[in-house]
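Enquirer: I'll drop the sequence and a predicted model, then ask my questions.
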Amino acid sequence: MKICRYLRSMDAVIFDMDGTLLDTEPLMDVFLIKSCRSLGFELTESILEQFRGCTSHAFWAYLVREFNLTQPVEEYVFKEKYAFSDELKNNPTLALIEGVEALIEELLKFEVPLAIASSASRVRINTIVERFSMETKFRVTISGEDVERDKPEPDIFLLAAEKLNVNPNRCVVIEDSENGVKAAKKAGMKCVAFSGLEHNKQNLSNADLIVTAYSNLNFQLLQSLFEMKGKY
């Protein structure tokens, strides 16, 4: 269904990936806990929560500093990048979050440009996009490797808007992390926080809208965010 771009308030929707498109975070947590244990220390839940939505480089830079690890940060990032991507490629239980595919299809029906902007590595994003045949659905994919500053800075979302050739103020970001919500708001974008995963303990209160299921989200509701004077 074609709606002229100039009759829409919303020019694009930008999705985070981990915890937003698919529930990779429990798998990632187990992977990181095992990795850290092999290095001689226990990774705490508070550290995991602190770095939700951040790049692997920021995460490992913190661990190298705090736990006096002996290898360069890039060495740990490299190992994680490829080992975890292989795990995602081969894990038979991995699936898109319920309802998100229907939302994507509805947005495409209305010809809304879509992007992925994730702090994950380029290798990991490509693995997920290829595994779930999303190459034609997302016009742009931005990795944390493509920007200098990580979430909660707005760089990743601003770059996505630039690549889509749209005004940041007319974009909606769908996120699941506190850092991601902060980044979206700093970019001047509307933000929908998805809190439908039981293990999500993030503070998402700064989002324009919080939903617990994608069945509660559609084109009209996203469009209406630009007509709101306050939050839902």
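Expert: That came in fine, so what should we check first?
Enquirer: ok, residue 18 - contacts?
Expert: Contacts for residue 18 were tallied using C-beta atoms under 8 Å, 6 or more residues apart in numbering; they are 24-25, 28, 118, 120, 176. Glycine gets a C-beta too; all of them are placed from N, C-alpha and C.
Enquirer: residue 113 now?
Expert: The neighbours of residue 113, taking C-beta under 8 Å, 6+ apart as the test, are 11-13, 139-140, 164, 166.
Enquirer: now with 10 Å?
Expert: Counting by C-beta atoms under 10 Å, 6 or more residues apart in numbering, residue 113 touches 5, 10-14, 107, 138-140, 160-161, 163-166, 171.
Enquirer: elements contacting the strand or helix carrying residue 156?
Expert: Assessed by DSSP states H and E, residue 156 sits inside helix 155-164. Other elements packing on helix 155-164 under the criterion 3 or more C-beta pairs under 10 Å, 6 or more residues apart in numbering; DSSP states H and E are strand 12-15, strand 114-118, strand 140-143, strand 171-175, helix 178-186.
Enquirer: can you tell me what sits against the third one?
Expert: Applying C-beta under 10 Å, 6+ apart, the set of residues contacting strand 140-143 from outside is 12, 14-15, 17, 55, 113-126, 128-129, 134-135, 155-165.
Enquirer: pull the CA atoms of it into PDB?
Expert: Output of strand 140-143 as PDB, limited to C-alpha atoms (Å, rounded to 0.1, in the frame of the first residue of the first chain):
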ATOM      1  CA  VAL A 140      20.600  -0.200   5.500                       C
ATOM      2  CA  THR A 141      22.500  -2.100   8.200                       C
ATOM      3  CA  ILE A 142      24.800  -0.200  10.600                       C
ATOM      4  CA  SER A 143      27.200  -1.800  12.900                       C
END
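Enquirer: run me through the strand neighbours of that strand, direction for each.
Expert: strand 114-118 (parallel) (DSSP bridges).
Enquirer: now the partner strand against helix 178-186, angle please.
Expert: 130 degrees (axes from the mean of the first three to the mean of the last three C-alpha atoms, to 10 degrees).
Enquirer: what are the buried residues along the helix ranked longest in the chain?
Expert: Criterion DSSP state H: the longest helix present in the chain is helix 73-90. Residues 73, 76-78, 80-81, 84-85, 87-88 are the ones in helix 73-90 that count as buried (16 or more other C-beta atoms under 10 Å).
Enquirer: can I get those in a markdown table including distance to residue 149 and pLDDT?
Expert: Formatted as a markdown table, the buried residues of helix 73-90 follow (distance: C-beta to C-beta, whole Å; pLDDT from 0 to 100):
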| residue | distance to residue 149 | pLDDT |
| --- | --- | --- |
| 73 | 16 | 97 |
| 76 | 20 | 95 |
| 77 | 17 | 93 |
| 78 | 21 | 93 |
| 80 | 20 | 92 |
| 81 | 20 | 90 |
| 84 | 23 | 90 |
| 85 | 24 | 89 |
| 87 | 28 | 88 |
| 88 | 26 | 90 |
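Enquirer: name the nearest of the residues you listed relative to residue 223.
Expert: Nearest to residue 223 out of the buried residues of helix 73-90 is residue 88 (C-beta to C-beta; 32.9 Å).
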